[in-house]
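Colleague: Sequence plus predicted model, see below.
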Amino acid sequence: MDNISVKGWKNGVLVVVPAAAAWDEVVTQIEDKLKEAQDFWKGAQTTLDVGERKVPHDDMEGLLGLMRGDYGLVPTAVVTTAAETRSVAGKLGLEAHEKLPSAEKKATPVAGEAAAPALPLNNALYLKQTIRSGQRVQHDGHLVICGDVNAGAEVVASGDIVVFGTLRGVAHAGSAGDETARIVATNLRPTQLRIGSRIARSPDAGSPPLSKFPEIALVENGEICINPL
């Protein structure tokens, strides 16, 4: 059986289920994947992509209950080409899509009304948890963490990184080369900061003092600077 895919995407976590596999095996593999980082996924909005699979109501309800109850996920949407499965998703209170939603929905202005200015694409991943030593979080977009990033942990994002807590590990914003990206933390005490290709390290002599206010790291004149927020 093809492997289950569990990964971050613009709307949180995306679980992709292969088409040809017994449902019991699918559930088992999803559990195995989630157990690998049981605390990591808590609070994450989750989209379940089941392809063309027709999933009965009880099977879908059981899987959603498992994801919510045992692993703290927040299922919000199902992607499937099967009309029956979309109907089941709707009855269970989820959004149902025939294909993965596009990055941005464009509203059609009403005749006679001025079109509202387009908002910039926001593909932030929000995690309500502490990132522990040895864990690595990588996301294509902005990354928001409500918790600490412990020493020995690493967070990487192609956009900005915002930590509502203490950042002690390694943070790399603008990982695709964007040097306008920023790193913000309530308490900024990293072992290393990277923005685009720029790198800054903590002083070798001891840990930096606790911040008295939130700080922001950004590139100024080719160097990473840290300023009060």
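Modeller: Received the coordinates, thanks.

Colleague: Just say helix, strand or coil for residue 101.
Modeller: On the three-state scheme (DSSP: H, G, I helix; E, B strand; the rest coil), residue 101 is labelled coil.

Colleague: how about it, what does it touch?
Modeller: By C-beta atoms under 8 Å, 6 or more residues apart in numbering, the residues touching residue 101 are 11, 77. Yep, even glycine has a C-beta here, placed from its N, CA and C like the rest.

Colleague: For the protein, which element, helix or strand, carries the lowest mean pLDDT?
Modeller: strand 5-9 (a mean of 76; mean pLDDT, DSSP states H and E).

Colleague: Each with direction, which strands does the helix or strand just after that one pair with?
Modeller: Once the chain leaves strand 5-9, the next helix or strand it forms, by DSSP states H and E, is strand 12-16. For strand 12-16, the paired strands and their directions (DSSP bridges) read strand 5-9 (antiparallel), strand 45-51 (parallel).

Colleague: counting contacts, what elements does whichever helix or strand comes after strand 12-16 pack onto?
Modeller: Next helix or strand after strand 12-16 toward the C-terminus (DSSP H and E): helix 23-35. Under the contact definition 3 or more C-beta pairs under 8 Å, 6 or more residues apart in numbering; DSSP states H and E, helix 23-35 sits against strand 5-9, helix 57-71.

Colleague: Please identify the buried residues of helix 23-35?
Modeller: 23, 26-27, 29-30, 33-34 (16 or more other C-beta atoms under 10 Å).

Colleague: Looking at the residues you listed, which is nearest residue 70?
Modeller: Using C-beta to C-beta, residue 34 is the member of those that sits closest to residue 70, with 7.7 Å.

Colleague: my read: the closest one touches residue 72, true?
Modeller: No: using C-beta atoms under 8 Å as the test, residue 34 is too far from residue 72 to be in contact (9.5 Å).

Colleague: Helix 23-35 and the least confident helix or strand of the chain, what's the angle between them?
Modeller: Taking axes from the mean of the first three to the mean of the last three C-alpha atoms, to 10 degrees, one finds strand 5-9 and helix 23-35 inclined to each other by 50 degrees.

Colleague: mind exporting strand 5-9 as CSV, just the C-alpha atoms?
Modeller: The C-alpha atoms that make up strand 5-9 are tabulated as CSV, following Å, rounded to 0.1, in the frame of the first residue of the first chain:
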residue,chain,number,x,y,z
SER,A,5,1.2,11.5,3.6
VAL,A,6,0.9,13.9,6.6
LYS,A,7,2.4,17.3,5.9
GLY,A,8,2.0,21.0,6.5
TRP,A,9,0.4,23.2,3.9
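
Colleague: Check which residues of it are buried.
Modeller: Buried residues in strand 5-9, counted by 16+ other C-beta under 10 Å: 6, 8-9.

Colleague: ends of stretch 160-172, how far apart?
Modeller: End-to-end span of stretch 160-172 (C-alpha to C-alpha, to the nearest Å): 9 Å.

Colleague: wait, I meant stretch 70-90
Modeller: 23 Å.

Colleague: And stretch 189-199, by the same measure?
Modeller: 15 Å.

Colleague: average pLDDT across it?
Modeller: The average of the pLDDT scores along stretch 189-199 is 89.
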